[in-house]
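Starting from these lines, generate the structure:
(2 chains)
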Amino acid sequence: MRDVAIVAFAQTDHLRRTDELSEVEMLMPVLHEVLDATGLRTSGIDFTCSGSSDYLAGRAFSFTMALDGVGAHPPISESHVEMDGAWALYEAWVKIQTGEADTALVYAYGKSSPGQVRDVLTRQLDPYYTAPLWPDSVALAALQAQALIDAGDTDESALTAIATRSRQAASGNPHAQLSGDVPAGDYLVRPLRTGDCPPIGDGAAAVILAAGDTARALCARPAWIRGIDHRIEAHGLGVRELTESPSTRLAAERAGVFERPVDTAELHAPFSSQEVVLRKALGLGDEVSVNPSGGALAANPLMAAGLIRLGEAAARIHRGESERAVAHATSGPCLQQNLVAVLEGESTHA
Amino acid sequence: MPKEPVAVVGVGQTKHVAARHDVSLAGLVREAAVAALKDAALTWADIDAVVIGKAPDFFEGVMMPELYLADALGAVGKPMLRVHTAGSVGGSTALVAANLVAARVHRTVLTLAFEKQSESNAMWGLSLPIPFQQPLLAGAGGFFAPHVRAYMRRTGAPDTVGSLVAYKDRRNALKNPYAHIHDPDISLEKVQSAPMLWDPIRYSETCPSSDGACAMILTDRAGAERSPQPPAWVHGGAMRSEPTLFAGKDFVSPQAGKDCAADVYRQAGISDPRREIDAVEMYVPFSWYEPMWLENLGFADEGEGWKLTEAGVTELDGDLPVNPSGGVLSTNPIGASGMIRFAEAALQVRGGAGEHQVEGARRALGHAYGGGAQFFSMWLVGAEPPTR
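A predicted model of the protein is given here:
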């Protein structure tokens, strides 16, 4: 495998609404920020890949306009996943592994504010048997949370502690939508209180990947991707053990998470209860700094939140605050699909 | 270390029709996947990863359907990627899958694209208005018709060329059991007397709305050695994108299409595509795009594409057959249409295209485009393994 690193990361301030901004306008500043950080221009990028969802934009082919923000002329080598940007990063990593590219620009964006996101996400479900019942994303997460409580894996006060820790950590994150002390709040869907659930918001993020010496030339301390893998589980909640995440576990094994201890974990856990599942799957102990950015409980721009976990983990390595970090992204109801990456600073390179 | 050579060892399609009321979305995709596995003599256990593509989620009304389809495609416990690059998606999806093999991340990958247009209405799906952008309220034909007209004006092509393409593709479709439109009574007069929809595009020169899926099994050199059928080898593949709207855009012959073709030819070592390529599966949703893309892809000089069509060069028995399968004009499950082009190119060089086989085809091009002639994806496949 070629050595590939995240060499730059940028994200917007995540906001409850951005009515005054189009998706392209929301995206442009972060694209410029990562390009400026590396000194690259669009013409110097070998491959570009993005992640987004038409259902959030409310129109077909929504990503076609976002490409305008990249300044894609002369024409560029480019692709798009209708998924979180973390999977766009994976596609770009594969492209670099083929040897056809040395650098890649990855971006993702999502505006949840134009619609009712709890309703919108029901359209992800089995269209014949489940979606017609409109079970919303919070209700499904609550089923999972209750299963965890019933299994003795957590309790409501432990969930509150996760939410409190996340939002306090977000105080150090100028991009976070929610930070500081939050009351546990009223039940949204029992046993989940408002504090256990992510904010609804709009945001975008961008990352630049580079291989080998190119990465070293572009970044003082590149965040090397030592392993990356993703796995999906069955869709039907009735055939899954919701207190476990076998797909996260398998992806982590394949990515090499368990080969050596990690000091940081950026987990895409939009609900406090999901952190419990992921910690178990990844074998994270109390010594690991989990979601120092505040995580998805502090800002959850759909389709970008997973890429942001990779970016936040990389940024800690860039800043010398982490030697070896695990980053995680999820998709689908109750953690159906999961991506895991291991990022390291140069000094720990074997 | 050079890339791993990539081989197509399995191809599967559904019979494409206007409405598959007998299967769910899951049933539809599984049908194509099972056919591809059977062709490759492999089982679900042999598949390391799944790469799926389709055009907008609004066409079926299911957001990110790969989540729901994971079980039907045997993806549980495996990696699954979902590609969406508008109309070019079927091609892009195959290229993303091919890259997984080329990069040696996985050895054997199932790639699949589908559209079940009967679950919804594509015209509506394409026409959701949003503020400050021009709505495509007339669907795709309304967007592309002015560019066809520009091509006619620029090249002086007689207005009969479009009907020749439609007549040819619909006749070719009669030889393809999977094609949607089978009109045994097709005649040139019938094509030419069809109602005008978006001048100069007649009803008979437009693609249908189809339900259908297409799947391929891609594998590495070792996998190819075990293949019971001759594999098709990927000699080159590329994607190029440019914005939909900008002042310098040439809608008749977009730069992204030219650059994409040039990259594929460079990878495959082709210097004269007209002579060195034996068959072309080209994304022609409206008949006039055949002469337009003949120029864009380097098969004819600028302004000369229509002359090849008129001279019969692109007929099934011509010296550069274009769309022997009947093409998008005869079969259009949108998200799958690009992959069908790629798969039909593979069938040609495997010698497995049946009645629409181009005799002695050794190298074939699969081509797809999407957006406002904005996204391009292509691959060139050959009967022999690549030597470079």
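
Now do the same contact list for residue B:334.
By C-beta atoms under 8 Å, 6 or more residues apart in numbering or on different chains, the contact set of residue B:334 is B:54, B:55, B:59, B:87, B:115, B:117, B:122. Bear in mind the C-beta positions are built from the backbone N, C-alpha and C, glycine included.

what sits against the closest residue to residue B:31 other than its chain neighbours?
Spatial nearest neighbour of residue B:31, chain neighbours left out: residue B:14 (5.0 Å); criterion: C-beta to C-beta, 6 or more residues apart in numbering or on different chains. Taking C-beta under 8 Å, 6+ apart, we find residue B:14 in contact with B:20, B:28, B:31, B:32, B:35, B:178, B:211, B:212, B:213, B:214.

confidence score at the fourth one?
For residue B:32, the model assigns a pLDDT of 98.

What of residue B:231?
pLDDT for residue B:231: 98.

What's the local residue count around it?
Using other C-beta atoms under 10 Å in any protein chain shown, residue B:231 has 29 neighbouring residues.

Would you check how far apart the residue lying closest to it once chain neighbours are set aside and residue B:221 are?
Take residue B:231 and drop its neighbours on the chain: the residue closest to it by C-beta to C-beta, 6+ apart is residue B:7, 3.8 Å away. Taking C-beta to C-beta, to the nearest Å as the measure, residue B:7 falls 7 Å from residue B:221.

what do you get for residue A:173?
Residue A:173 is 48 Å from residue B:221, by C-beta to C-beta.

again with residue A:300
44 Å.

higher neighbour count, these two?
For residue A:300 versus residue B:221, neighbours defined as other C-beta under 10 Å are more numerous around residue A:300 (27 against 15).

Go ahead and confirm the more buried one touches residue A:199.
Yes. Taking C-beta atoms under 8 Å as the definition, residue A:300 is a contact partner of residue A:199 at 6.2 Å.

Backbone dihedrals for residue 191, please?
Using chain A here. phi -90, psi 10 (degrees, to the nearest 10).

And for the one 3 residues further on?
Per-residue torsions, residue A:194: phi -50, psi -40 (degrees, to the nearest 10).

which residues are in contact with the helix-or-strand element of chain A with minimal mean pLDDT?
Using mean pLDDT, DSSP states H and E, the weakest-scoring helix or strand in chain A turns out to be helix A:63-66, at a mean of 88. Applying C-beta under 8 Å, 6+ apart, the external contacts of helix A:63-66 come out as A:22-24, A:27, A:50, A:52, A:54, A:80, A:107, A:109, B:84, B:86, B:133, B:244, B:371-372, B:374-375.

7 Å - rerun?
A:23, A:24, A:27, A:50, A:52, A:80, A:109, B:86, B:133, B:244, B:371, B:374 (C-beta atoms under 7 Å, 6 or more residues apart in numbering or on different chains).

For the helix or strand following that helix, name the packing helices and strands.
Beyond helix A:63-66 on the C-terminal side, the first helix or strand identified by DSSP states H and E is strand A:78-81. Applying 3 or more C-beta pairs under 7 Å, 6 or more residues apart in numbering or on different chains; DSSP states H and E, we find strand A:78-81 packed against strand A:47-51, helix A:85-97, strand B:80-83, strand B:232-241.

is any part of the following helix or strand past the shortest one close to chain A?
In this case it means strand B:80-83. Next along the chain after strand B:80-83, taking DSSP H and E as the criterion, comes helix B:89-102. Yes. Helix B:89-102 reaches chain A (C-beta under 7 Å from any C-beta of the partner chain) through B:92, B:96, B:99, B:100, B:102.

How far off centre is the next helix or strand after helix B:89-102?
Downstream of helix B:89-102, the first helix or strand assigned by DSSP H and E is strand B:108-116. Taking the mean of its C-alpha atoms, strand B:108-116 sits 13 Å from the chain's own mean (C-alpha atoms, centre = their mean, to the nearest Å).

May I have the strands that pair with strand B:108-116, each with its orientation?
Neighbouring strands of strand B:108-116 in its sheet, by DSSP bridges, are strand B:49-53 (parallel), strand B:211-219 (antiparallel).

Give me whichever of the ones you listed is most buried.
Mean neighbours per residue, mean count of other C-beta atoms under 10 Å in any protein chain shown, is largest over the strands paired with strand B:108-116 for strand B:211-219, with a mean of 30.

Show the subsequent helix or strand relative to it.
helix B:221-225.

Check which residues of that next one are buried.
B:223, B:224 (16 or more other C-beta atoms under 10 Å in any protein chain shown).

name the helices or strands packed onto it?
Counting contacts by 3+ C-beta pairs under 7 Å, 6+ apart, helix B:221-225 packs against strand B:7-13.

beta partners for residue A:192?
Per DSSP bridges, the residues bridged to residue A:192 are residue A:189.

So it versus chain B, what's the distance?
Remark: distance between residue A:192 and chain B (C-beta to the nearest C-beta, to the nearest Å) = 21 Å.

Is that residue in contact with residue A:143, as I believe?
No. Residue A:192 lies out of contact with residue A:143 (C-beta atoms under 7 Å); the separation is 9.9 Å.

Looking at the two now, which is surrounded by more residues?
residue A:192 (25 against 18).

what about the longest helix along chain A and chain B, touching?
Taking DSSP state H as the assignment, the helix of chain A that covers the most residues is helix A:23-38. No. Against chain B, helix A:23-38 shows no contacts by C-beta under 7 Å from any C-beta, the least distance being 10.0 Å.

Just the buried positions in that helix, please.
Result for helix A:23-38 [16+ other C-beta under 10 Å]: buried residues A:23, A:24, A:26, A:27, A:28, A:29, A:30, A:31, A:34, A:35, A:37, A:38.

Would you mind naming what in the stretch 1-150 of chain B lies close to chain A?
Within the stretch 1-150 of chain B, the positions lying close to chain A (C-beta under 7 Å from any C-beta) are B:3, B:24-25, B:56-58, B:61-64, B:67-68, B:70-71, B:75-86, B:92, B:96, B:99-100, B:102-103, B:105, B:125-126, B:128, B:130, B:133.

Narrow those to just the buried residues.
Among those, the ones that count as buried by 16+ other C-beta under 10 Å are B:3, B:24-25, B:56-58, B:62-64, B:67-68, B:70-71, B:75-76, B:78-86, B:92, B:96, B:99-100, B:102-103, B:105, B:125-126, B:128.

shared neighbours of residue A:192 and residue A:143, which are they?
Here residue A:192 and residue A:143 have no joint contacts, going by C-beta under 7 Å, 6+ apart.

Could you find the closest non-adjacent residue to residue B:183?
Ranked by C-beta to C-beta, 6+ apart and with sequence neighbours excluded, the top spatial neighbour of residue B:183 is residue B:170, at 5.8 Å.

Just the element for that neighbour, please.
Secondary structure assignment for residue B:170, by DSSP H and E: helix B:161-173.

Which secondary structure elements does that helix sit against?
Using 3+ C-beta pairs under 7 Å, 6+ apart as the test, helix B:161-173 ends up in contact with helix B:188-192, helix B:305-310, helix B:327-330.

Residues contacting it, please?
Against helix B:161-173 from outside (C-beta under 7 Å, 6+ apart): B:179, B:181-183, B:186, B:188, B:191-192, B:200, B:204-205, B:284, B:287-288, B:290-291, B:306, B:309-310, B:314-316, B:323-327, B:329-330, B:356.
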